[in-house]
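J.: Pasted the sequence and its predicted model underneath.
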Number of protein chains: 4
Amino acid sequence: MRVGVLTGGGDCPGLNAVIRAMVRKGVQNHGFEFTGFRDGWRGPLEGLTRQLDIPAVRGILPRGGTILGSSRTNPLKAENGVRRVKENLAKYEVDALVAIGGEDTLGVAARLYDEYGVPCVGVPKTIDNDLSATDYTFGFDTAVNIATEAIDRLHTTAESHMRVLVVEVMGRHAGWIALHAGLAGGANVILLPEQRFDLDQVCGWVESRFQASYAPIVVVAEGAMPKDGDLVVKDADQLDSFGHVRLSGIGDWLAKEIEKRTGKEARTTVLGHIQRGGTPTAFDRWLATRFGLHAIDAVRDREFGTMVALRGTDIVRVPLTEATAKLKTVDPALYAEAGVFFG
Amino acid sequence: MRVGVLTGGGDCPGLNAVIRAMVRKGVQNHGFEFTGFRDGWRGPLEGLTRQLDIPAVRGILPRGGTILGSSRTNPLKAENGVRRVKENLAKYEVDALVAIGGEDTLGVAARLYDEYGVPCVGVPKTIDNDLSATDYTFGFDTAVNIATEAIDRLHTTAESHMRVLVVEVMGRHAGWIALHAGLAGGANVILLPEQRFDLDQVCGWVESRFQASYAPIVVVAEGAMPKDGDLVVKDADQLDSFGHVRLSGIGDWLAKEIEKRTGKEARTTVLGHIQRGGTPTAFDRWLATRFGLHAIDAVRDREFGTMVALRGTDIVRVPLTEATAKLKTVDPALYAEAGVFFG
Amino acid sequence: MRVGVLTGGGDCPGLNAVIRAMVRKGVQNHGFEFTGFRDGWRGPLEGLTRQLDIPAVRGILPRGGTILGSSRTNPLKAENGVRRVKENLAKYEVDALVAIGGEDTLGVAARLYDEYGVPCVGVPKTIDNDLSATDYTFGFDTAVNIATEAIDRLHTTAESHMRVLVVEVMGRHAGWIALHAGLAGGANVILLPEQRFDLDQVCGWVESRFQASYAPIVVVAEGAMPKDGDLVVKDADQLDSFGHVRLSGIGDWLAKEIEKRTGKEARTTVLGHIQRGGTPTAFDRWLATRFGLHAIDAVRDREFGTMVALRGTDIVRVPLTEATAKLKTVDPALYAEAGVFFG
Amino acid sequence: MRVGVLTGGGDCPGLNAVIRAMVRKGVQNHGFEFTGFRDGWRGPLEGLTRQLDIPAVRGILPRGGTILGSSRTNPLKAENGVRRVKENLAKYEVDALVAIGGEDTLGVAARLYDEYGVPCVGVPKTIDNDLSATDYTFGFDTAVNIATEAIDRLHTTAESHMRVLVVEVMGRHAGWIALHAGLAGGANVILLPEQRFDLDQVCGWVESRFQASYAPIVVVAEGAMPKDGDLVVKDADQLDSFGHVRLSGIGDWLAKEIEKRTGKEARTTVLGHIQRGGTPTAFDRWLATRFGLHAIDAVRDREFGTMVALRGTDIVRVPLTEATAKLKTVDPALYAEAGVFFG
């Protein structure tokens, strides 16, 4: 049996750990052979491959990124995309295809399986932790730890100068990183995309923190929005071309507004790409490794159209369609729990 | 309402995060007052207290250890122990007592509640992750990350000298730290207390690793044992007086045996106390914080005799007796999963 | 003898280590008493003090920031500033004043000593390492390590997506952080304030890196400038109010220009305040501790008007005026050495 | 010109950074070719080589250990050793040999150059920082940081249980790691090989720390010795076969003696090999890189018989014989400086 593997979407610590676990188990336990497809769905679309065997995966467990490369190519939107993918799978004699990726990458896998019978197995990956079918995705714990360490460092700067420090973290549609890192870092305000914030209330928390003779840390997800009217971005052109590190992002906007309204100095730190790079935490290596091992089990069982997922401490299989059905956002009750630390 | 708090047993990163969350929520949301009892059950037994209010918990979230101190004192074994505890709770006008600890500490709480009506709520704590009522305990993730970083470092030393490196990690009765850190660190052999190991098999894995031109890392839980006959410890006196860092521990014994049988140089590193000290990881701060918040909910609801626990991503309440009923050891199937990486 | 202590300018990991060492040695070896002045020169100007004794300095060695607070207040520019400072020193019976700070803070100390006979001793502090009288200043090693870890992380993201990653680090007038972190992190381009860069050459290095099938990391000091014409900042208003994390900083500008000229995707990360916060490295704790011990020696010897400095592995005393005479910038020969790694 | 390279003695973070810098500069600036000799002096003795070109050194900057392997082989003690080394250098057409190592490795290089005309250049390497010709050696800063982080962690455990924690660090003949990490970690006692310690005094410091209601951390170099009589090691056999992690090492001995004399619980942590493995700190990467660049300059200038060394912030060349002439031990005055923190 020959197994194709691809990694799609934004990079995420743990991708290499999944790949390594799959190859180790596939080769050693089942005698599978592997074909690595390069750059996400562009690999099977254009026939770009990379040798994938035990020597190729040695030493990659602690390394961030993906040895297979990634892209956001969508074969369903390419001319004759499905036909070309199927031709390339046939050409490379691939009997099963494991797609490691987020909503978009797995959405393609789901449709290729459902509508075109391509034998796909999915492994969920999103640094934002916003896939509803699994308790956690790998990469998230690493991102949260990096953000927490940054917040730890910013506390001492805030205190020394009695300034507001605004920390913008990843999370366009879901505030998991902001919530976890904010709680773990002892933030005084946490703002999420799930709930529009009231700037007056934010300024109230900031001021009450200063009244207690401490300096506030405000953690804001990049997708958070103020209540009254949309965030007005004047220079939309700049916004688009720079992705995550937006020139006129919410962090900078918020710091300016807080400064204006409270009269306190405010500074912004946009954590940006350091949240998604580098060596994974132990939890992410463990989760990614187990996902890889169980994806091979699904391939062995020919249970295509499924995705591996974490439920409690168990790895289970769920339909690929379920994985991509609904964004997992932060439950208002969970967010309310954190409110005790605001101000 | 006045809430007493104590921390018992070995220290564990996250204890302070629990205490802080309880005080913040108790004071701010419910107007509770707090009494800190010092040094575990010795506090209520001997009437040793410490002021516990919002200023007292400022800045402690990222700090390891416990501001309340700890001990292994068991009031049930002390003369008139129960009576003295009840008298002291009355003296300090404590309406509810939250005990943060492991099997022993919570076992006392369970009996004090069941047999003597002391209004106890439990928060589970064991760095070894071996409490069956909860998916994870705080401190475990920190220990696993410290051990994983150590293994990462030891790989380069092993490779440079083509030596066997044996890493002894915590885990007397359960091998969770060894299993998680071994998997996350890319160990070539992982040995647990749950399953006696075959020294010949271990040496076979070591040799097969050298045949692939790599140097092996052997992760061994301190409670692991060889198959044939008990580990003979000649100098039992030394063993007892030094606790975790045992002079003739399994790590040293194993390195010597591997050296003798394979002819390869072998070295041991006993991680010891660094696994349980210092700042908690983001996960442990999050889990400890949520345990603290939910323990206050249980107190508010007067649901005594219960313990907070993690199930998936939810915090639930379980009977204290359930918490201490059974040691959670590593499932053989889970250990077998890891076997693909051995050798 | 009573010693006053103040910390001025931007915060810097190691300030607390200096304070602690001074108090420990002063009290224990010489029976000195201490007065902490709050918020830099505003302390002696306005008579703001804080108790400073052995209990006050317990546990602060590993903590970033400064327990004394800081400011950029300049008493020489305040009305009757010198008189007020002298009155407050007299009021608090301070016999010697230790000023811990950078060019501005020490410049005030130098003038107060030279022109007004205030008995000052200086301890050099600049995270940018740009004081010419000392081999290194504390805080610098911490900043370099934080930036290096960030670059390590960004490599894997760059490789996975074959993107240019531009990392903007601190350094307005001197490029020490960029040079050290760039070399330590394996950057492919390093740009300093000391030498205007040629954008074509930068793009050439970027392209040659891609030709070798790797993705480039560009490290740029915040004060670096292109060769042809000044960097045009359209929205000067935004620039001023946000300090280090500039909305239209050189990092963003550079990424856009590289993207435009090479056609390769480019992303920016502005490290900002995380470089100056948090726990100091071992080197910075060691250097700061030794500076503190030797500052007390200088006070004991009544060698006022001097500053402690590192030369090789020795701590020496130099005139305060020397310390602030000349900015220590990166030697062109040293920068040229790094050029072998460009491209 | 063809340059041979070897790494000898114990591994040390930064070895790969030296190798990389040499190859990058040698190939790019001078068109040199390289031959890697494997496993220290065993490489030229037995003709064991490894390809060494730009692709071979990609990505190795942050990796600990040495891609060339190491050994303690001494060709001067091997039969016809010098002749065989010279024959192999001739066979591989090596015009210059760069030896990266400590006292032993460089001592061989010095004699091969002085007595047999072998064109050697040395790069100093010792994790213990005990070479007198250079201010610092790479690897030392990494070891000190690892030890300091461990001490940071142990403080919280010591406080929670009010125990003595003894930390045994590397340093057989020189106490640099103990002194630097002890100072940086806020140890309450630091014991070095340079000065025999008085056990009564040590116990006095321990007790005075407890009297101040804190728990003491004792940092002891592995080569430290008590004043009265040698440390009696009963089981010498165990000692020899386990190198750094000695079964009856000074740390365990000291903890037992402290426990016996003060009646306080004491625990030992032997840091062992984790101090010398893993990724180097920014300082060590910088120093190792500069050593590599300057070693190539020495080769280019045909200044054989020399070694690169750090003096202040400059890299200089010194005679190889000077490098190995005298062990650099801790100056008693420097040790006395630290005494203010004892107790």
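T.: Structure received. Numbering: from 1, shown residues only, chains lettered A, B, ... in the order given.
J.: A:Met22 belongs to a strand, doesn't it?
T.: No - counting by DSSP: H, G, I helix; E, B strand; the rest coil, A:Met22 falls outside a strand, being helix.
J.: tell me the secondary structure for A:Ala147?
T.: helix.
J.: Could you double-check that A:Leu131 sits in contact with A:Ala325?
T.: No - contact criterion C-beta atoms under 8 Å: A:Leu131 and A:Ala325 do not qualify, at 9.7 Å. Yep, even glycine has a C-beta here, placed from its N, CA and C like the rest.
J.: Compare neighbour counts for those two and give me the winner.
T.: A:Leu131 (25 against 14; other C-beta atoms under 10 Å in any protein chain shown).
J.: show me the contacts for that one.
T.: Contact analysis of A:Leu131 by C-beta atoms under 8 Å, 6 or more residues apart in numbering or on different chains lists A:Gly102, A:Glu103, A:Pro124, A:Thr137, A:Ala323, A:Thr324, A:Leu327, A:Lys328.
J.: How many residues are close by the nearest residue to it once chain neighbours are set aside?
T.: Closest residue in space to A:Leu131, ignoring its immediate chain neighbours: A:Pro124 at 4.9 Å, by C-beta to C-beta, 6 or more residues apart in numbering or on different chains. When neighbours are defined as other C-beta under 10 Å, A:Pro124 has 27 of them.
J.: A:Pro124 and A:Thr105 touch, don't they?
T.: No - A:Pro124 lies out of contact with A:Thr105 (C-beta under 8 Å); the separation is 9.5 Å.
J.: Could you report the neighbour count for A:Cys192?
T.: In this structure residue A:192 is Leu, not Cys. 27.
J.: Give me the phi and psi for it.
T.: phi -120, psi 160 (degrees, to the nearest 10).
J.: Just the pLDDT for it.
T.: At A:Leu192, the predicted lDDT confidence score is 97.
J.: Quick check: closest non-adjacent residue to it.
T.: In space, A:Leu192 is closest to A:Gly175, 2.8 Å off (C-beta to C-beta, 6+ apart).
J.: Enumerate every residue touching the one you found.
T.: So A:Gly175 contacts A:Ile190, A:Leu191, A:Leu192, A:Pro193, A:Glu194, A:Ala221, A:Gly223, A:Ala224, A:Thr329, A:Val330, A:Tyr335 (C-beta under 8 Å, 6+ apart).
J.: Out of the residues you listed, flag the one nearest to C:Ser70.
T.: Comparing the contacts of A:Gly175 against C:Ser70 with C-beta to C-beta places A:Ile190 closest, at 27.2 Å.
J.: Reduced to three states, what does A:Ile60 come out as?
T.: Applying three-state DSSP: A:Ile60 is coil.
J.: What residues does the stretch 51-200 of chain A have near chain C?
T.: Within reach of chain C by C-beta under 8 Å from any C-beta of the partner chain, the stretch 51-200 of chain A has these residues: A:63-66, A:69-71, A:146, A:149-150, A:152-157, A:159-162, A:165.
J.: What sits closest to A:Gly171 if chain neighbours are left out?
T.: A:Ala221 (3.5 Å).
J.: The one helix or strand A:Ala181 maps to: what's the following helix or strand?
T.: Assigned by DSSP states H and E, A:Ala181 belongs to helix A:176-185. Counting by DSSP H and E, the next helix or strand C-terminal to helix A:176-185 is strand A:189-191.
J.: who's in contact with that next one?
T.: Contacts of strand A:189-191 (C-beta under 8 Å, 6+ apart): A:175, A:178-179, A:182-183, A:197, A:202, A:205-206, A:216-221, A:224, A:254, A:335, A:338, A:342-343.
J.: Name every strand pairing with it and say which way it goes.
T.: Here strand A:189-191 has these sheet partners by DSSP bridges: strand A:217-221 (parallel).
J.: what comes into contact with the strand it pairs with?
T.: A:147, A:151, A:154-155, A:158, A:164-172, A:174-175, A:177-178, A:181-182, A:185-193, A:202, A:206, A:250-251, A:254, A:258.
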